[in-house]
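Visitor: for reference, the sequence and a predicted model appear below.
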Amino acid sequence: MFKKLFGKKEEPVKTIQLNAPLSGTAVPLERVPDPVFAEKMMGDGLAIEPSEGLVVSPVDGEIMQVFPTKHAIGIRAKNGAEILIHIGLETVSLNGEGFQTYISEGDKVKTGDKLVAFDMEIIKEKAKSTVTPIIITNTDQAASLVIKGEGKVERGTSSIIEVTFE
């Protein structure tokens, strides 16, 4: 009852910043050696060539999907942005080898929370690439999406994408 009388009405979050989920080098999607990502068939975003095998949450949100093979995570941010983090290319064929997840579907996460650890050597040896696309899969519903640039990024702190939903 007091919240109704004295509490501020919470405004829905419209614009969010995605921080880098991995440390490494950010590159445009067009440079990813896989047409599904390079041609933005799944949505817009960027990719990171990782320098270490740890993925953290890029936003405050909810884990929507943890692929059974542990190579990809889906997160819904507070503004409705649906984010896919796809660790490496052609890593589904590893059937989870070299991946360890720290979250489950339905978990609430904060920016910087540990999601997945992965063995870069196994991916380099057995998959196509370690490059990790970060995609806003519902880009078509976004009012705006700004890619923040390329170059060195630090997991949990470097802002890489700004996305607004009305």
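Guide: Everything's here; your move.

Visitor: what residue lies at the spatial centre of this protein?
Guide: Centroid-nearest residue in the chain: I85, 3.8 Å away (criterion: Cα atoms, centre = their mean).

Visitor: show residues contacting the helix or strand containing that one.
Guide: I85 belongs to strand 82-86 when assigned by DSSP states H and E. Residues external to strand 82-86 that are found in contact with it (Cβ atoms under 8 Å, 6 or more residues apart in numbering): 18, 21, 37, 42-43, 45, 55, 58-59, 61, 64, 71-77, 115-116, 132-138. Using the backbone N, CA and C atoms, a C-beta is placed for each residue, glycine as well.

Visitor: after the lowest-mean-pLDDT helix or strand in the chain comes which helix or strand?
Guide: Least confident helix or strand, the chain: helix 2-6 with a mean of 52, by mean pLDDT, DSSP states H and E. On the C-terminal side of helix 2-6, the closest following helix or strand by DSSP H and E is strand 15-19.

Visitor: next SSE after that next one?
Guide: Helices and strands here follow DSSP H and E; after strand 15-19, the next one along the chain is strand 24-28.

Visitor: just how off-centre is that next one within its chain?
Guide: The gap between where strand 24-28 is centred and where its chain is centred comes out at 13 Å by Cα atoms, centre = their mean, to the nearest Å.

Visitor: from now on call the first residue 17
Guide: Understood, numbering begins at 17; the last thing we discussed is strand 40-44.

Visitor: got the buried residues for the following helix or strand past that strand?
Guide: Along the chain past strand 40-44, the next helix or strand (assigned with DSSP H and E) turns out to be helix 51-54. For helix 51-54, a neighbour-count test (16 or more other Cβ atoms under 10 Å) marks F53 as buried.

Visitor: and after helix 51-54, which helix or strand comes next?
Guide: Past helix 51-54, further along toward the C-terminus, the next helix or strand under DSSP H and E is strand 60-66.

Visitor: so what strands line up beside that next one?
Guide: Taking DSSP bridges as the criterion, strand 60-66 pairs within the sheet with strand 40-44 (antiparallel), strand 148-152 (antiparallel).

Visitor: and those strands, which is most packed in?
Guide: strand 148-152 (a mean of 25; mean count of other Cβ atoms under 10 Å).
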